[in-house]
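A.B. asks: A structural model of the following input is requested.
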Amino acid sequence: MLVPSSPSTPAREPITGAALATRPGSADRTAPWPVPSVVAESLAPRGLHFGIPVGPTWVSCARLNTQTGVAESLSRVARANPGASAEVAASYLANWYAAAVVGPAIASYLLLRRVPDLSPQQMALSVPDNGWFDRTALYRPVATALPTDPLLCAALTGSGPLATLGPPAASGPVAGSGPAAGSGPGAPLGFGAAADVPGGGDRGEAGIRVAADPERLRAALVEEILAHLEPFLAHLRGMVRLGRPALWGAAAAQCARAFLLTERATGDPAMGRDEADAFFARAAPTMLARPRWQEFVHRGRSYVGMRRGSCCLAHQLDAEYCTTCPFTADADRETRMRAWIETQGDGGLAV
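C.D. replies: This next block holds a predicted model:
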């Protein structure tokens, strides 16, 4: 499976937290916001930043998510993989872009019960010369939360530095960034009134959206992911001979993997699987070709692996089938997953 932890993947920088500036006029403009350890652990070794990043490799998703941006990314991936057909390059791109977007969001939802703002204007990806996306920046790490969330309570009462939650002032340019498109005041259907949090960003004066219960928080996660990926995959589909099931199947595989990866932090292989089932039930029918689970015991420990709903096409380039390939038999897939676990040492996962 073509995923961020593939042995052929270039080395990643450690996950770090960027500083978030407070709203203009406040006394402290450099209140630190470190990446929570549980999120960092589940995403390792992918890099993650909170706040607007600075550096030549960072590109706003507002640019990446346009027809021109998708075409540029597809060309870059094709150059980095000589011999790949247009369809293979597109499959690689769909998998890696989806992984960069959904990974931090799903980890935050499952481990912190918070959903970040995934609108393209509020995200950036690091785009090195090798064609992959190796780091993700979330300008607004918390866009939707439960009413009992300590961060939301602190923001509402004005106690502590977290009360100034909002998008930071950029300390340098991010390629393709521009004014965020406002979504207007008011909370979307199915959500409670948004909290009046200072620095609410592109959602108007109402900053953090309040999800009345866990089901509505999950709905927010689905909403954010589908809204971000829909135009990207639509542009990609117009450039190559891959249908919606193949492209959305790539996105579904990366969502499933992100849910399972949270076992790094929770130690519970069933938790991510159960949450993924509820996620896919709500994401249907847009997110087609979802994976199915493959459970087994290895060295006395229970594991949850998966069979992708659509092929990533990587075998067409190197004749090697991945651990989640839908074209291999269950027994062969399990053998590959066992071998993959062994390469990771203590705490190895089947994904």
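
A.B. asks: low-confidence regions, the protein specifically.
C.D. replies: Along the chain, the parts satisfying pLDDT under 70 run over 1-33, 44-46, 154-206, 309, 311-319, 321.

A.B. asks: so where do the helices sit in it?
C.D. replies: In the chain, the helices defined using DSSP state H lie at 37-43, 61-64, 67-80, 86-112, 150-157, 214-237, 244-261, 263-266, 269-283, 315-318, 330-344.

A.B. asks: just say which of those helices is most tucked in.
C.D. replies: helix 244-261 (a mean of 26; mean count of other CB atoms under 10 Å). Backbone N, C-alpha and C define where each C-beta goes, glycine included.

A.B. asks: picking that back up, so which of the helices of the chain gets nearest residue 51?
C.D. replies: Using CB to CB as the criterion, the shortest distance between residue 51 and the helices of the chain is 12.9 Å, found for helix 86-112.

A.B. asks: off-centre distance for the closest one?
C.D. replies: Between the mean C-alpha location of helix 86-112 and the chain-wide mean there is a distance of 5 Å, by CA atoms, centre = their mean, to the nearest Å.

A.B. asks: again, but for stretch 136-156
C.D. replies: Going by CA atoms, centre = their mean, the spacing between the C-alpha centre of stretch 136-156 and its chain's C-alpha centre is 17 Å.

A.B. asks: do stretch 51-64 as well
C.D. replies: Its chain's average C-alpha position is 15 Å from that of stretch 51-64, according to CA atoms, centre = their mean.

A.B. asks: hang on, the earlier thing: distance to residue 138 added to the helices of the chain, as a markdown table?
C.D. replies: A markdown table is the format used below for the helices of the chain (distance: least, CB to CB, whole Å):
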| stretch | distance to residue 138 |
| --- | --- |
| helix 37-43 | 10 |
| helix 61-64 | 10 |
| helix 67-80 | 18 |
| helix 86-112 | 6 |
| helix 150-157 | 14 |
| helix 214-237 | 11 |
| helix 244-261 | 14 |
| helix 263-266 | 18 |
| helix 269-283 | 19 |
| helix 315-318 | 31 |
| helix 330-344 | 27 |
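
A.B. asks: identify the residue nearest the geometric centre of the chain.
C.D. replies: Most central residue of the chain, judged by C-alpha distance to the mean C-alpha position with CA atoms, centre = their mean, is residue 102 at 1.9 Å.

A.B. asks: tell me who's in contact with that residue.
C.D. replies: When contacts are counted by CB atoms under 8 Å, 6 or more residues apart in numbering, residue 102 is found next to 225, 229, 251, 254-255, 258.

A.B. asks: quick one: it and residue 288, what's the gap?
C.D. replies: 15 Å (CB to CB, to the nearest Å).

A.B. asks: what do you get for residue 101?
C.D. replies: Between residue 101 and residue 288 the computed distance is 17 Å (CB to CB).

A.B. asks: same thing with residue 146?
C.D. replies: Computed as CB to CB, the residue 146 to residue 288 distance reads 30 Å.

A.B. asks: out of the helices of the chain, the one nearest residue 139 is which?
C.D. replies: Among the helices of the chain, helix 61-64 comes nearest to residue 139, with 9.9 Å by CB to CB.

A.B. asks: which strands or helices does that closest one pack on?
C.D. replies: helix 67-80, strand 123-126 (3 or more CB pairs under 8 Å, 6 or more residues apart in numbering; DSSP states H and E).

A.B. asks: restricting to C-alpha, output that helix in CSV.
C.D. replies: Taking only C-alpha atoms (Å, rounded to 0.1, in the frame of the first residue of the first chain), the coordinates of helix 61-64 have been written out as CSV:
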residue,chain,number,x,y,z
CYS,A,61,-4.0,23.9,-0.3
ALA,A,62,-6.0,26.8,-1.8
ARG,A,63,-3.5,26.5,-4.7
LEU,A,64,-3.0,22.8,-4.6
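
A.B. asks: quick one: which of the contacts of residue 102 is nearest residue 73?
C.D. replies: Checking those against residue 73 by CB to CB gives residue 229 as the nearest, at 13.7 Å.

A.B. asks: pretty sure that closest one contacts residue 251?
C.D. replies: Yes: because the distance of 5.4 Å satisfies CB atoms under 8 Å, residue 229 is recorded as touching residue 251.

A.B. asks: what sits against residue 243?
C.D. replies: By CB under 8 Å, 6+ apart, the neighbours of residue 243 are residue 237.

A.B. asks: what about residue 112, distance to residue 308?
C.D. replies: Remark: distance between residue 112 and residue 308 (CB to CB) = 27 Å.

A.B. asks: ignore the last one, residue 56
C.D. replies: Applying CB to CB, one obtains 34 Å for the distance of residue 56 from residue 308.

A.B. asks: show me which of these two is the more surrounded one.
C.D. replies: residue 308 (26 against 11; other CB atoms under 10 Å).

A.B. asks: test my guess that the more buried one contacts residue 326.
C.D. replies: Yes: contact status for residue 308 versus residue 326: in contact at 5.2 Å, counting by CB under 8 Å.

A.B. asks: can you name the residues bridging to residue 58?
C.D. replies: Assessed by DSSP bridges, residue 58 has beta-bridge partners residue 126.

A.B. asks: so it is in contact with residue 137, correct?
C.D. replies: Yes: checked against CB under 8 Å, the pair residue 58 and residue 137 is within contact range at 6.6 Å.

A.B. asks: comparing the two, which residue is more hemmed in?
C.D. replies: Neighbours were tallied for residue 58 and for residue 137 using other CB under 10 Å; the higher tally belongs to residue 137 (26 against 21).
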